[in-house]
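Q: The following comprises the amino acid sequence and a computationally predicted model.
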Amino acid sequence: MINELQKIGQQVLNSLERLGRAQLFLSQILARLPSLLWRPKLIVAQVYSVGVLSLTIISVSGLFVGMVLGLQGYNTLVNFGATDMLGVVVALSLVRELGPVLTSLLFAGRAGSALTAEIGLMKTTEQLAGMEMMAVDPIQRVIAPRFLAGVLAMPLLAALFSAIGILGGHLVVVELLEIDAGAFWSQMQDKTEFVEDILNGVIKSLVFGIVVTWIAVFEGYDCVPTSEGISRATTRTVVYSSLATLALDFILTALMFSTV
């Protein structure tokens with residue numbers, strides 16, 4: 001019994017120690033971000049890598065999520081004779097919740113895992129150590145541009161997800177179910193608020209971008225320099241990012257809408 005308690009205590013201490021190193025790592029990244037203003041090509045290249053190359057999965061997912069929302073909303077609202085509100089249901093569901101959350105989960109699975117594997121491979125092949133030997137700061141040259149690119153790309157991808165989702169909802173609701181297009185768009189524009197809905201969704205996606213990218217670059221930088229270590233780090237990135245996204249979504253929603 002005592003040995004089991006000791007193991008649990010040691011695991012807790014190791015987790016806290018690793019969390020502390022992650023926080024110190026984040027502070028080092030933030031301290032080096034201003035220097036990136038003089039090297040915009042690094043940021044553009046990484047935004048392309050983590051953002052543009054994620055457009056396919058984001059676009060396709062957003063389209064089908066919007067179409068499913070249109071179908072499910074119609075099946076519910078038709079019983080109350082409120083099908084004119086389908087535009088509101090689709091838009092608010094995407095802008096407030098599904099857009100930021102699903103984008104973050106997809107981003108973690110596609111771009112986050114790629115960042116971890118890339119940085120982990122650079123560590124395994126001693127490229128990061130080689131940079132240090134040549135007096136090149138690997139955090140400034142490798143980590144910081146990828147972190148900033150992830151933070152910038154996430155809100156843009158979330159906005160694109162929501163926009164394509166709304167178009168998917170319009171495709172089903174107006175073209176397939178033959179609901180009046182004027183009612184669909186007018187109700188959506190009338191009921192959607194910029195600050196309460198759109199801006200809050202942007203804030204969520206920005207927070208998710210910071211956390212997911214932070215986890216991805218730290219796991220890659222801190223991984224055991226072996227093939228198995230990279231594999232485990234990539235798995236941890238997806239798992240931790242997903243859990244962090246869902247937990248932060250609840251906290252942010254509670255704060256934004258004063259439900260608790």
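A: Now that the structure is in, tell me what you want to look at.
Q: So which residue is smack in the middle of the protein?
A: Ser104 (2.4 Å; Cα atoms, centre = their mean).
Q: can you map out the helices along the stretch 151-260 of the chain?
A: Along the stretch 151-260 of the chain, counting by DSSP state H, counting those that start in this stretch, helices occupy 181-191, 200-222, 227-257.
Q: now for the ones you listed, which one comes closest to Pro34?
A: helix 200-222 (16.7 Å; Cβ to Cβ). Heads up, the C-betas are built off the backbone N, CA and C, glycines and all.
Q: Based on its surroundings, how many neighbours for Gln187?
A: Neighbourhood size, Gln187 [other Cβ atoms under 10 Å]: 19.
Q: now it: how far from Met67?
A: Applying Cβ to Cβ, to the nearest Å, one obtains 19 Å for the distance of Gln187 from Met67.
Q: Repeat that for Arg39.
A: 42 Å.
Q: which strands and helices sit next to the helix or strand where the residue nearest to the centre of the chain lies?
A: Ser104 belongs to helix 99-107 when elements are defined using DSSP states H and E. Packed against helix 99-107 by the contact rule (3 or more Cβ pairs under 8 Å, 6 or more residues apart in numbering; DSSP states H and E) you find helix 55-77, helix 144-170, helix 200-222, helix 227-257.
Q: which non-adjacent residue is nearest the residue nearest to the centre of the chain?
A: Excluding the flanking residues, the one nearest Ser104 by Cβ to Cβ, 6 or more residues apart in numbering is Phe208, at 3.9 Å.
Q: now Asp249
A: Per Cβ to Cβ, 6+ apart, closest to Asp249 is Val101, 5.3 Å.
Q: Please list all residues in contact with Val211.
A: Listed by Cβ atoms under 8 Å, 6 or more residues apart in numbering, the contact set of Val211 reads 241, 244-245, 248.
Q: picking that back up, more neighbours: which of Arg39 and Met67?
A: Met67 (20 against 13).
Q: Touching the helix or strand hosting Ala91 from outside, list them.
A: Here Ala91 sits within helix 86-92, counting by DSSP H and E. Residues outside helix 86-92 that contact it (Cβ under 8 Å, 6+ apart) are 66, 69-70, 73-74, 77, 162, 165-166, 169-170, 173, 179, 183-188, 191-192, 197.
Q: Counting neighbours, which of the contacts of Val211 comes out on top?
A: Going by other Cβ under 10 Å, Ser241 tops the contacts of Val211 with 26 neighbours.
Q: Can you give me the neighbour number for Val212?
A: Neighbours around Val212, by other Cβ under 10 Å: 29.
Q: Need the pLDDT of it.
A: At Val212, the pLDDT value in this model is 96.
Q: Check Ile57 too.
A: Ile57 is given a pLDDT of 95.
Q: Identify the residues contacting it.
A: Counting by Cβ under 8 Å, 6+ apart, Ile57 makes contact with 106, 110.
Q: Hmm, Met131 is touching Val142, no?
A: Yes - taking Cβ atoms under 8 Å as the definition, Met131 is a contact partner of Val142 at 7.4 Å.
Q: higher neighbour count, the two?
A: Val142 (23 against 17).
Q: From Ser35, how far off is that one?
A: 13 Å.
Q: Check Leu24 too.
A: Applying Cβ to Cβ to Leu24 and Ser35 gives a distance of 19 Å.
Q: count of neighbours near Lys191?
A: 14.
Q: list the contacts for the closest residue to Ala233 other than its chain neighbours?
A: Nearest in space to Ala233, with sequence neighbours left out and distances taken as Cβ to Cβ, 6+ apart, is Cys223 at 3.6 Å. Counting by Cβ under 8 Å, 6+ apart, Cys223 touches 116, 119-120, 123-124, 229-230, 232-233.
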